[in-house]
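Colleague: attaching a predicted model along with its sequence, questions to come.
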Protein chains: 2
Amino acid sequence: MKIGMSHGAGGEVMQDLISNIILSNIHNTRVNGGVGLEDLDDGASIPLGDYEIVMSTDGHTVDPLFFPGGDIGKISVAGTVNDISVMGARPLAIASAMILSEGFPGEDLERIVQSMDAVSRETGVSIVTGDTKVMERGKLDRMVITTTGIGVVKRGEIIRDSGLRPGDKIILTGSVGDHGMALMAFREGFGFDTDLESDVAPVWGMVEAALEVGGVTAMKDPTRGGIANALNELADKSGVGMVVDEDMIPVREEVRAVSEMLGIDPYEVANEGKVIMGVDPEYAEDVLRAVRKAPYGENARIIGEANQDSHVILETSLGGRRILEAPVADPVPRVC
Amino acid sequence: MKIGMSHGAGGEVMQDLISNIILSNIHNTRVNGGVGLEDLDDGASIPLGDYEIVMSTDGHTVDPLFFPGGDIGKISVAGTVNDISVMGARPLAIASAMILSEGFPGEDLERIVQSMDAVSRETGVSIVTGDTKVMERGKLDRMVITTTGIGVVKRGEIIRDSGLRPGDKIILTGSVGDHGMALMAFREGFGFDTDLESDVAPVWGMVEAALEVGGVTAMKDPTRGGIANALNELADKSGVGMVVDEDMIPVREEVRAVSEMLGIDPYEVANEGKVIMGVDPEYAEDVLRAVRKAPYGENARIIGEANQDSHVILETSLGGRRILEAPVADPVPRVC
Ligand SMILES: Nc1ncnc2c1ncn2[C@@H]1O[C@H](COP(=O)(O)OP(=O)(O)OP(=O)(O)O)[C@@H](O)[C@H]1O
Ligand SMILES: Nc1ncnc2c1ncn2[C@@H]1O[C@H](COP(=O)(O)OP(=O)(O)OP(=O)(O)O)[C@@H](O)[C@H]1O
Ligand SMILES: [Mg+2]
Ligand SMILES: [Mg+2]
Ligand SMILES: [Mg+2]
Ligand SMILES: [Mg+2]
Ligand SMILES: [Mg+2]
Ligand SMILES: [Mg+2]
């Protein structure tokens, strides 16, 4: 077997690789009964005294490094903040490991570090440690950054991606497909001229607002594989089904246009500033109101409801009804 | 300015890059008064309740992936375990972010994961979360792994690399130069036939034994830049000098031979299974005894003593006396 692009594309092919080569060969996968490797959640946790430490890591290979709406620095800090956030933990600290190609311009590195700094200040997270390696010219395409985050949550208050219960409302915090389609459009040469921009942003503000209200049962950030992947993971892991009102899923006009032009499903491409939440129906309206007031949450909506069946079903007001499948792989490579 | 190989080579050139481009652009560098970015220690810390969480990260670009004595999987878990250990914290959890090149052989990945598993079992650390990305053929030389570790220590018991006091004994846990020279020899075509092997190993056993005795004032793992770098960092950050008895520094015969052949100073190349400890003189003999009984510690020695001067001075029994300078850069590229 040889590694293919789809092994890194956040769908079923990647899941198989992780199951067959990673999980099957690692014995110590969990600390103190916390969330561990087999849980395949957005991060792991380590119970410690009255707290649970949440840890999450992501390598960033996004191409291009600078794109409309952000750059690899912004995505590397926001992405890790987001995985910690959707576990219900307050992000505290980031470790930043950079691997640079020989010849990489110092000014680009400085811009990237400044972007990391901006997100870290916006979210109150600190960049506390790091590492720098250089590979010889021709051995690495420009640079990659791996960020790992630590967050903290009171013991017992962690939010899992498997906590959805029949009857829970599904909240989506804004439009879908922006990040993946903005990258794709940029690569196809539409450049910085379109209105298409990545949504890359830290979601902690929205999550914190929701947690303050209460009733949140499950969360996930719909990154690689898009909402098609995230909704299916939430349903499968929770052992529930869900019905989603497709008319309620916001897709920007320019995203839809480029999607159609390139034949790419906007539900299957990455978002980098969105959350899908499961919320107890008694709290759903209040959570929605709180999220809408938080940064990046103004377009949040309730898009559906979990039920006792299986599958994610999309319904339209015209009576259409179809199963939304998990993608085999995200159709846009090197998206984060 | 363009990035050169020496920017990733653990000496003064890398220090300058970190100061000028990283530190000068990041504002939030510390959490709750713990060890932070400017401390440039082996990791950072986050005080939390009765504990301090220690965090450290390292990207691994070692070339070749499989070398005498280990592979990138072993080095990636041991290396991170070691940085956590030298902060005085018990390593608990590892996050493993892999970036693979399209076409990378699945069997090699499996061997690498098995090596990671072996070190994790040996040290009792768990691999709790990770990430997988793939870059297109030609964009990355085979694979890199970034491991980030979390450890825990009772509040106030963290060990810093700046804690050395005049009079403290300096313990070195074994021979120097093995890792860097083994890699170099292998690359030069001496192959798996020489006795030259990397020393890559987790140091937690030795550190735990030393901490149980007490009196440890400072620690560092002499990785990139070798003992020349680590001894100078310990002295400079602690504001002390030291005198080291050069006859006491163990250098294997085959390491010395290859060093001379290639004109590379064994003090300036990486070790991957060693610790340098500063120890209160009243505890030094007991700590030494304990370290010698621990795994990988049988050749530990007291090599010198800190004093009120500055500089690291090497003395020989024949009366030689010279300053050991910090290297500009580790002479062996892509060593970890
Ligand atoms: N190389 C790996 N080693 C160990 N665990 C891995 C590895 N790759 C992925 N995982 C685990 O698989 C699960 C899914 O990973 P994935 O990267 O898709 O999650 P994510 O970070 O939330 O998404 P994204 O990377 O798109 O932002 C996580 O629980 C992660 O810990
Ligand atoms: N890109 C970076 N961003 C932030 N901090 C960095 C970065 N690179 C290095 N550092 C910091 O610089 C210090 C020295 O890093 P270095 O990698 O030499 O330490 P180490 O991991 O102990 O050694 P080695 O990497 O050789 O094992 C550490 O405190 C580290 O946190
Ligand atoms: Mg996620
Ligand atoms: Mg992620
Ligand atoms: Mg390092
Ligand atoms: Mg170190
Ligand atoms: Mg290190
Ligand atoms: Mg990930």
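Modeller: Sure thing, it's come through. Ligands and ions are numbered 1, 2, ... in the order given.

Colleague: let me see the backbone angles for A:Ala230.
Modeller: Dihedral pair for A:Ala230: phi -70, psi -40, per degrees, to the nearest 10.

Colleague: how about the closest residue to it other than its chain neighbours, phi and psi?
Modeller: Leaving out its chain neighbours, the residue that sits closest to A:Ala230 by Cβ to Cβ, 6 or more residues apart in numbering or on different chains is A:Pro222, at 3.7 Å. Glycine gets a C-beta too; all of them are placed from N, C-alpha and C. The phi and psi values for A:Pro222, taken as degrees, to the nearest 10, are phi -80, psi 80.

Colleague: surely A:Pro222 touches A:Gly273?
Modeller: No: using Cβ atoms under 8 Å, A:Pro222 makes no contact with A:Gly273, being 10.1 Å away.

Colleague: for ligand 7, give me its nearest residue in the stretch 151-300 of chain A.
Modeller: Using Cβ to the ion, the single residue of the stretch 151-300 of chain A nearest to ligand 7 is A:Gly151, 23.2 Å away.

Colleague: any idea what sits nearest whatever residue of chain A ends up closest to ligand 6, other than its immediate chain neighbours?
Modeller: Closest residue of chain A to ligand 6, Cβ to the ion: A:Asp131 (9.6 Å). Nearest-residue entry for A:Asp131: A:Ala97, 4.3 Å, with adjacent residues in sequence omitted and distances by Cβ to Cβ, 6+ apart.

Colleague: partners of the one you found in the sheet?
Modeller: A:Ala97 has these beta-bridge partners by DSSP bridges: A:Asp131, A:Thr146.

Colleague: ok so A:Met219 is a strand residue?
Modeller: Yes: per DSSP: H, G, I helix; E, B strand; the rest coil, A:Met219 lies within a strand segment.

Colleague: against A:Phe190, how distant is it?
Modeller: Computed as Cβ to Cβ, to the nearest Å, the A:Met219 to A:Phe190 distance reads 33 Å.

Colleague: those two: which has the busier surroundings?
Modeller: A:Met219 (29 against 16; other Cβ atoms under 10 Å in any protein chain shown).

Colleague: please report phi then psi for the nearest residue to that one once chain neighbours are set aside.
Modeller: Residue nearest to A:Met219 in three dimensions, not counting chain neighbours: A:Val86, with 4.0 Å by Cβ to Cβ, 6+ apart. The phi/psi pair for A:Val86 (degrees, to the nearest 10) reads phi -70, psi -10.

Colleague: from A:Val153, how far out is A:Val86?
Modeller: A:Val86 sits 11 Å away from A:Val153, going by Cβ to Cβ.

Colleague: which of these two has more neighbours?
Modeller: A:Val86 (29 against 19).

Colleague: list the residues that contact the more buried one.
Modeller: A:42, A:159, A:161, A:203, A:207, A:219-221, A:275 (Cβ atoms under 8 Å, 6 or more residues apart in numbering or on different chains).

Colleague: what do you get if the cut-off is 7 Å, keeping everything else the same?
Modeller: A:42, A:159, A:207, A:219-221, A:275 (Cβ atoms under 7 Å, 6 or more residues apart in numbering or on different chains).

Colleague: before we move on, the earlier item: my read is that the residue of chain A closest to ligand 6 contacts B:Gly59, right?
Modeller: Yes: under the criterion of Cβ atoms under 7 Å, A:Asp131 makes contact with B:Gly59 at 5.1 Å.

Colleague: those two: which has the busier surroundings?
Modeller: More crowded of A:Asp131 and B:Gly59, by other Cβ under 10 Å: B:Gly59, with 29 against 24.

Colleague: who does the residue of the stretch 151-300 of chain A closest to ligand 7 bridge with?
Modeller: Going by DSSP bridges, A:Gly151 forms beta bridges with A:Val54, A:Pro91.

Colleague: distance-wise, check the closest residue to ligand 2 within chain A relative to A:Ile159.
Modeller: Of all residues in chain A, A:Gly130 sits closest to ligand 2, at 2.4 Å by Cβ to the nearest ligand atom. Distance of A:Gly130 to A:Ile159, computed by Cβ to Cβ: 28 Å.

Colleague: and for A:Gly79?
Modeller: Taking Cβ to Cβ, one finds A:Gly79 at 18 Å from A:Ile159.

Colleague: higher neighbour count, these two?
Modeller: With neighbours defined as other Cβ under 10 Å, A:Gly79 and A:Ile159 compare such that A:Gly79 has more, 29 against 25.

Colleague: who touches the more buried one in this structure?
Modeller: Contacts for A:Gly79 (Cβ under 7 Å, 6+ apart) come out as A:58, A:60, A:147, A:272, A:336.

Colleague: out of those, who's nearest ligand 3?
Modeller: Proximity of these to ligand 3 was ranked by Cβ to the ion; the top entry is A:Asp58 with 8.1 Å.

Colleague: does any part of the strand or helix carrying the closest one sit near ligand 3?
Modeller: Per DSSP states H and E, A:Asp58 falls inside strand A:51-60. No: judged by Cβ under 5 Å from the ion, strand A:51-60 and ligand 3 are separated, with a smallest distance of 7.5 Å.

Colleague: now that strand against strand B:51-60, angle please.
Modeller: 10 degrees (axes from the mean of the first three to the mean of the last three Cα atoms, to 10 degrees).

Colleague: what sits up against the helix or strand following strand A:51-60?
Modeller: Downstream of strand A:51-60, the first helix or strand assigned by DSSP H and E is strand A:66-67. In this structure, residues lying in contact with strand A:66-67 by Cβ under 7 Å, 6+ apart are A:182-183, A:186, A:198.

Colleague: for the contacts of A:Val86, give me CSV that also has pLDDT and distance to B:Thr123.
Modeller: CSV is the format used below for the contacts of A:Val86 (pLDDT from 0 to 100; distance: Cβ to Cβ, whole Å):
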residue, pLDDT, distance to B:Thr123
A:Asp42, 98, 26
A:Ile159, 98, 30
A:Val207, 98, 34
A:Met219, 98, 32
A:Lys220, 98, 32
A:Asp221, 98, 32
A:Val275, 98, 36
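
Colleague: ok, of the residues you listed, which one's closest to B:Leu211?
Modeller: Closest approach to B:Leu211 among the contacts of A:Val86 (Cβ to Cβ): A:Asp42, at 34.1 Å.

Colleague: count of neighbours near the closest one?
Modeller: If you count neighbours by other Cβ under 10 Å, A:Asp42 ends up with 25.

Colleague: tell me which element the spatially closest residue to it that is not a sequence neighbour is part of?
Modeller: The spatially closest residue to A:Asp42, leaving aside those adjacent along the chain, is A:Asp83, at 4.2 Å (Cβ to Cβ, 6+ apart). Element membership of A:Asp83 [criterion: DSSP H and E] is helix A:72-85.
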